[in-house]
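Colleague: predicted model, plus sequence, below.
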Amino acid sequence: MAEATNPALLDASMASLDPTSMANMALPTPTSTSSTSATTSTNRSTKRLDFGVLHQSGLRLRQHELNQLLQYASSTETRSPAVWMQAEAGVGKSALLQQFRDELCNGSSGNSSCTMKGRAVVMGGKFEERAAASEPFAALRDAVSELVEHFLNVHHNSALATTSSTATDTTESMYTGGTTTCTESQSDASEQADQTTEQASADQGCHQTVTKQSDTSYSTHDQGGNQTEQAPDQEEDHQTKQAGADQTVAEQRGWAEGLQQELGTALPLFLDILPALRRILPLNNSSLSTSLHKMAAEEEKDRHHADDDDHAFGTFNRREYRFERFRLGFRTLIRYTCSYLMHHQAQSSLVLLLDDWHSCDPDSLQIVKTLMEDPQRPRNFLLVAATRPIQDYPALEQLYQTMAQQQASEQEVLRIMDIPRWSVTEIADILTTLLERPHRQHQEDNDDILELAEIVQRKTQGNAFVVLQFLRLLERSGHIYHHHQQWHFDTHMIAQVDRISDNVSQVVAHEMEKNQRRRSALMVAASFGVSQFDVATIVHAVAVVEPPNNKEQPEGSSTTMTCSMTTDESIGDYEEYEDPYVVRQRVHDMSCELSHAALEGFVEEMAPGQFRFAHDRIRESAYSLLPEGQHARQQVHLRVGRQLRSWMDTQSELGLGSGTAAGAFSKESLLLHATKQLNAGADLIHDDWELLDLADLNYQAAALAARKTAFFSSMEYLQVGITHLGDDAWRRHYDRTLRFCVALTRMQYSCGLLDECWETGGGVIAHAKSFDDKSKIYHTQVLCLMQQGRMNEAMELVLDVLDVMGRPVPRKMVIYRVFQEYRKAQKFLKNSTEEELLNIPAVYDADLEMQLDFLQSLAETCFLSGKFAYVIYVSMRYLTLVAEQGNYPRSFFAYNLYASYFKAQMGDFAGAQPYAKLARMLSEKNKAIVPHFAARSEDMLIAYVDHWQENVRKSLAAEMDAFERLWAAGLIDTALMDASTLLQHFFAAGEHLDVTVQKCSFYSEAMQDFKQTASWYINASQHQAMLNLQGHSENPAVCTGTVMDAQACQESWKANPNLPAQYNFQFWSVVLGYHFGDLHAAKRHIKAMRSDLFEDGSVALVRLRLFYTGLVFYALCKDTGKGKYRRRARKASKQLQQWADKGSVNCKCLWQLLVAEDLASQRRSNVKMTVAAFERAIQAIEELEQCHHLALANQLAGSFLMSRQTPDGARAANTYLKTAVSLFEQWGASGIVRDLKARYPGAI
């Protein structure tokens, strides 16, 4: 992770520069007349400048910037802003990043203002386009790999080394220009998952630990625990270190288990994208293994159906939210890790270091943006990125402007830190150390060093990369040399050297030109625009830059090269490449050439057959060898792309790509390289067929990116592909254009670009020839409208579509048509037995499935907009379609709706059971065809049918399991729509308020993240009510506070009606008004609620609405003595009694408590009978283990006895009230506890 080149380049490649190459730089050679060079070169020492001494000496540059970063890292009281270190190439921002890393991990700076040694965990990565975007999130993957390594290592200071980092001396590289990255081959990681799991087990068991004691002393323990080699000073504290190792093992397991719980159903997705997590997360979970195998099978299926829209880009239930889930899951990973470090480890900070931020892929940009925008960003999290000037990168500039507008004035979110060039003083410090001069208190004491520093600064403009290159060149040319135990230099001669800052790339390029094939390979690799490349790809592209006779050219023959690249004859006979033996030989020869280039410091060998440029400046120097001018370079890209495209057609016949001589050869990489090269030269393509082929390549690349969860990259490929189809694409290439645009709308919707999605979809609607072609766009447009809260518009769109399909739904006299459909469905069910319904012939019809899709959309939009007549109509239509067509794949959903809405919710529990059983049987038969509907069906059956006749706490566990399956199936919008049902179930079961608030908070945030505004409004009132019950409100009786502003929400509902949200708001306002004594406000909200039980939304609130209605009116009756309130309360109590008589155990205890309240509301009630009624209610509630209702029953019993004002009653009342307070505290309702203590100060 450095901005300058690696040690090999400075120490090896620069060593080969001879006086001839120096002459090309106008660097004068020392003469015998020079005063400092009177000694001949033969008498000079062979000693060379040792750049490693810079680190060993403890020299630290840019101390001001380093101290500022350390200040941010050490501050956990307030959130530190994200820091972007901005500087031009070569200034040394990466070196500063590495210096910061060293200080965090080792505390190696002796003069920093604050020491962070051992108090921070570092995770870092370097952004680079490694294989033409075939590895999205590469830098973030490396960062996670390093984080995993931290928890796997026994000693935390070894977290600097990751599993697959290159063998580079990081300490020396900070000054010599070395590059330190943490890279991991994802393909290798995926293939070796089992091996890494076994290795993780070995690591977790501490079977073998290696502890660094010094540069030369290590201690190793074998599997038996026997010490095989041990430094003398380690024997004394061996037990202490072993105890520390055991503690670390516990920590790593705790972190892994906690992370697994936090990620939840997103864990398989994370293991797929971030294989490093497999090393530490347990994979023995059968459901997890099944999910991973299923994901792998889907991936393979997508590969074989790349030309099919649904397989390439996924149906909406499977891939729609894949990127969003990963983006938000990564935020969860950061939050959880920060929390864990704060509470379980001495390290208090998590620092994410991102090098070359300007090279980030668009998908990673969105993830990092999410981390910076996170309103709950942990105080102990710091993000530091090194980038070139952001004004040169529009995406970064736009993000910066967005962050600047969003950040509050009192808290800084993002800070730009400009990194200056090296000053004369800093260069003088470097020279003093390199030339082995004593460090003086005042640099003026080293006059010659200061003079040389001024010359170097003037020649290099203080650019760190150029300074180091310049010093090495001065040494090689003899202007700096070692003689008689000291270093000598001639400032007069050095002052005559021309500026190097403008031609350092030419020097490196000149060095490359010494070997023709090596030059060609590096030039072609640079033209790819990526840092990493494989030999197999280079072999087939290098032919376009090799001379026709394939012989070595004289040095400096760049003109011949340029000409050969612009003539067709230069490619040579491609038939040679069709011979597998020739190909393998060329791959072998090219590997040897690049290995020599690695020795010279131009590239680094990452794995057999896989290389990367040592530095961006090296790649830029290689790219400068291409012919000058845009047109000429476009020709190069075009010819390379054509060569790779030709090779794509024959690669499978050559046996490359599966452990052959090519080693790391990748079909995906070849596809992306060919596409990128052809895109760069597309302006020179005039053949329509070739442009069509290029468009198809972009489509394949987009499909590949989508499979890799790189949705933004996929979207870019699709947009480029559309341009290749031409201006008249809809007329000339209708099918291709339709396929591109449909895929683009899916990607735009999945990325949250709703306006762009609507615009693209509108173009499809305008040009599509048939309804089938428009149907997928209609679905996407409905989803866009729903996300924007425009429910009425979404409903009208669905009705219009059904009209076009010839399956119209009535717009007038809807209730009458609903009654007709209901009679048809009733007749069909009445005349059919369970066996007959189960054995109705199965049918699959594409038109029918399309009609069902739009009917479902109609039901969802109408449910949210309050048009419940349409919801009933759709439910009945599902059944009549079974009667007319047969058992279609999702027919079980029809029986589900009938059992839920028309039986159980109306109190006919016995009548609901047969249809629920039938729904489950059909669901089991068809779940492989429609798994998402099967998951939702089970969730609904538990919520609407099962829980009526079993303990609500038991049904809660089953509903949670069903809901997680729904979430895991990818139906995020549907799951979030149904989340309110689950959350209300938590309240009904009496779960601890902390758990309920945590769930409410999670889903509220998810609803905002996934832009499910309508669902957020439904959930917000319960979230706020739970906080009020906990005491987090100054006015707890009113449902408003930190989560929701009641007045603002009501204004929003006027513009975009959301009746379920309004109903929930009214219900929770009743709950708060009752518990906190505002009975008249509760009464107003009861009147505002709808009375039709079917329209009460989720079923959990039906009995609770009746229960709290009875409580409020009984309380009003006691306060006012008016009989009308008792009559209203008894009406609600009677309904609960009817359901209790039919077997609803949850209604029985509520009814018994209302019976006791009825007695208590009577002025002349019998105390013993009333107390006995309360005791019966308390006993019934105790059997169901519902803490909140038990607390309320004790409160009401105590309040009743307290009102009788008798000595015995007062003592019993105190007991009841104290029990109520204890139970409310156990439930977590601190707000109610404070209210009770205020009401009964003497009793409690």
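Modeller: Structure received.
Colleague: can we go C-alpha only for contacts and neighbour counts from here?
Modeller: Fine.
Colleague: closest to the centroid, which residue in this structure?
Modeller: The centroid of the chain falls nearest to residue 327 when counting by C-alpha atoms, centre = their mean (2.0 Å).
Colleague: OK, contacts around that one?
Modeller: Going by C-alpha atoms under 8 Å, 6 or more residues apart in numbering, residue 327 touches 366, 367, 370.
Colleague: please identify the helix or strand for it.
Modeller: Using DSSP states H and E, residue 327 maps to helix 322-344.
Colleague: and that helix, average pLDDT?
Modeller: Throughout helix 322-344, pLDDT has a mean value of 89.
Colleague: how close does residue 756 get to residue 992?
Modeller: Distance, residue 756 to residue 992, using C-alpha to C-alpha, to the nearest Å: 44 Å.
Colleague: who's more crowded, those two?
Modeller: residue 992 (18 against 14; other C-alpha atoms under 10 Å).
Colleague: phi, psi for that one please.
Modeller: Backbone torsions of residue 992, given as degrees, to the nearest 10, read phi -60, psi 140.
Colleague: burial count for residue 372?
Modeller: Look at residue 372: counted by other C-alpha under 10 Å, it has 19 neighbours.
Colleague: narrow the contacts of residue 327 to those in helices?
Modeller: Secondary structure assignment (DSSP state H) places 366, 367, 370 from the contacts of residue 327 within helices.
Colleague: surely the second one meets residue 329?
Modeller: No - between residue 367 and residue 329 there is no contact, the gap being 9.6 Å when judged by C-alpha atoms under 8 Å.
Colleague: so residue 781 makes contact with residue 758?
Modeller: Yes - here residue 781 reaches residue 758: they are 6.4 Å apart, a contact under C-alpha under 8 Å.
Colleague: which residues of the stretch 551-700 of the chain fall in helices?
Modeller: In the stretch 551-700 of the chain, the segments counted as helices under DSSP state H, counting those that start in this stretch are 558-564, 580-599, 616-623, 630-648, 651-654, 667-680, 688-707.
Colleague: mean pLDDT for those - can I get that in TSV?
Modeller: Formatted as TSV, those follow (pLDDT from 0 to 100):
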stretch	mean pLDDT
helix 558-564	39
helix 580-599	79
helix 616-623	80
helix 630-648	86
helix 651-654	57
helix 667-680	86
helix 688-707	92
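Colleague: dump those into a markdown table; add distance to residue 476 and mean neighbour count as well.
Modeller: Shown next, in a markdown table, are the helices of the stretch 551-700 of the chain (distance: least, C-alpha to C-alpha, whole Å; neighbours: other C-alpha atoms under 10 Å):
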| stretch | distance to residue 476 | mean neighbour count |
| --- | --- | --- |
| helix 558-564 | 25 | 16 |
| helix 580-599 | 18 | 18 |
| helix 616-623 | 19 | 22 |
| helix 630-648 | 34 | 21 |
| helix 651-654 | 46 | 14 |
| helix 667-680 | 38 | 24 |
| helix 688-707 | 47 | 23 |
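Colleague: and residue 489, which of these is closest to it?
Modeller: Of all these, it is helix 616-623 that lies closest to residue 489, at 27.9 Å by C-alpha to C-alpha.
Colleague: before we move on, back to that, from the contacts of residue 327, pick the one nearest residue 675.
Modeller: Ranked by distance to residue 675 (C-alpha to C-alpha), the contacts of residue 327 are led by residue 366 at 24.1 Å.
Colleague: mind checking how far the closest one is from residue 399?
Modeller: Counting by C-alpha to C-alpha, the gap from residue 366 to residue 399 is 9 Å.
Colleague: neighbour count: those two, which is higher?
Modeller: residue 366 (18 against 15).
Colleague: spit out the contact partners of the more buried one.
Modeller: Here residue 366 is in contact with residue 327 (C-alpha under 8 Å, 6+ apart).
Colleague: and it, how close does it get to residue 711?
Modeller: For residue 366, the distance to residue 711 - C-alpha to C-alpha - is 11 Å.
Colleague: can you give me the strands in the chain?
Modeller: 82-86, 120-126, 210-212, 218-221, 227-229, 349-355, 381-387, 414-418, 480-483, 486-489, 532-534, 603-607, 610-613 (DSSP state E).
Colleague: now render these as TSV, adding mean neighbour count and mean pLDDT.
Modeller: As requested, the strands of the chain are exported to TSV (neighbours: other C-alpha atoms under 10 Å; pLDDT from 0 to 100):
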stretch	mean neighbour count	mean pLDDT
strand 82-86	22	90
strand 120-126	27	90
strand 210-212	16	31
strand 218-221	16	34
strand 227-229	11	41
strand 349-355	26	92
strand 381-387	25	92
strand 414-418	17	87
strand 480-483	21	86
strand 486-489	16	86
strand 532-534	26	78
strand 603-607	21	83
strand 610-613	22	83
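Colleague: which one of those strands lies closest to residue 879?
Modeller: Closest approach to residue 879 among the strands of the chain (C-alpha to C-alpha): strand 381-387, 54.6 Å.
Colleague: picking that back up, quick one: closest of the strands of the chain to residue 1161.
Modeller: Using C-alpha to C-alpha, the nearest of the strands of the chain to residue 1161 is strand 381-387, at 56.9 Å.
Colleague: what pairs with that closest one, parallel or antiparallel?
Modeller: Sheet pairing for strand 381-387, assigned by DSSP bridges, gives strand 82-86 (parallel), strand 349-355 (parallel).
Colleague: how far does it sit from the chain's center?
Modeller: 17 Å (C-alpha atoms, centre = their mean, to the nearest Å).
Colleague: relative to helix 322-344, how tilted is that strand?
Modeller: 120 degrees (axes from the mean of the first three to the mean of the last three C-alpha atoms, to 10 degrees).
Colleague: so what touches strand 381-387?
Modeller: 72-73, 79-87, 93-94, 97, 338, 349-358.
Colleague: if we use 7 Å, what do you get?
Modeller: Under the criterion C-alpha atoms under 7 Å, 6 or more residues apart in numbering, residues 73, 80, 82-87, 93-94, 338, 349-358 lie in contact with strand 381-387.
Colleague: one more: stretch 425-432?
Modeller: With contacts defined as C-alpha under 7 Å, 6+ apart, stretch 425-432 is touched by 61, 438, 439, 449, 450, 453.
Colleague: so where do the helices sit in the stretch 751-900 of the chain?
Modeller: Counting by DSSP H, counting those that start in this stretch, the helices of the stretch 751-900 of the chain are 754-767, 771-787, 791-805, 814-830, 834-838, 846-865, 868-885, 891-901.
Colleague: before we move on, the earlier item: TSV for the ones in helices among the contacts of residue 327, including pLDDT and distance to residue 1055?
Modeller: Formatted as TSV, these follow (pLDDT from 0 to 100; distance: C-alpha to C-alpha, whole Å):
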residue	pLDDT	distance to residue 1055
366	91	31
367	93	33
370	91	30
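Colleague: so which of those residues is the closest to residue 724?
Modeller: Taking these together and measuring to residue 724 by C-alpha to C-alpha, the closest member is residue 366, at 27.1 Å.
Colleague: ok, the closest one to residue 751 distance?
Modeller: As judged by C-alpha to C-alpha, residue 366 and residue 751 stand 9 Å apart.
Colleague: tell me, what's touching the two both at once?
Modeller: By C-alpha under 7 Å, 6+ apart, no residue touches both residue 366 and residue 751.
Colleague: now the terminal residues of stretch 835-844, how far apart.
Modeller: 21 Å.
Colleague: just stretch 962-975 next, same as before
Modeller: Stretch 962-975: ends 10 Å apart by C-alpha to C-alpha.
Colleague: residue 435 contacts residue 487, correct?
Modeller: Yes - with contact defined as C-alpha atoms under 7 Å, residue 435 counts as touching residue 487 (5.8 Å).
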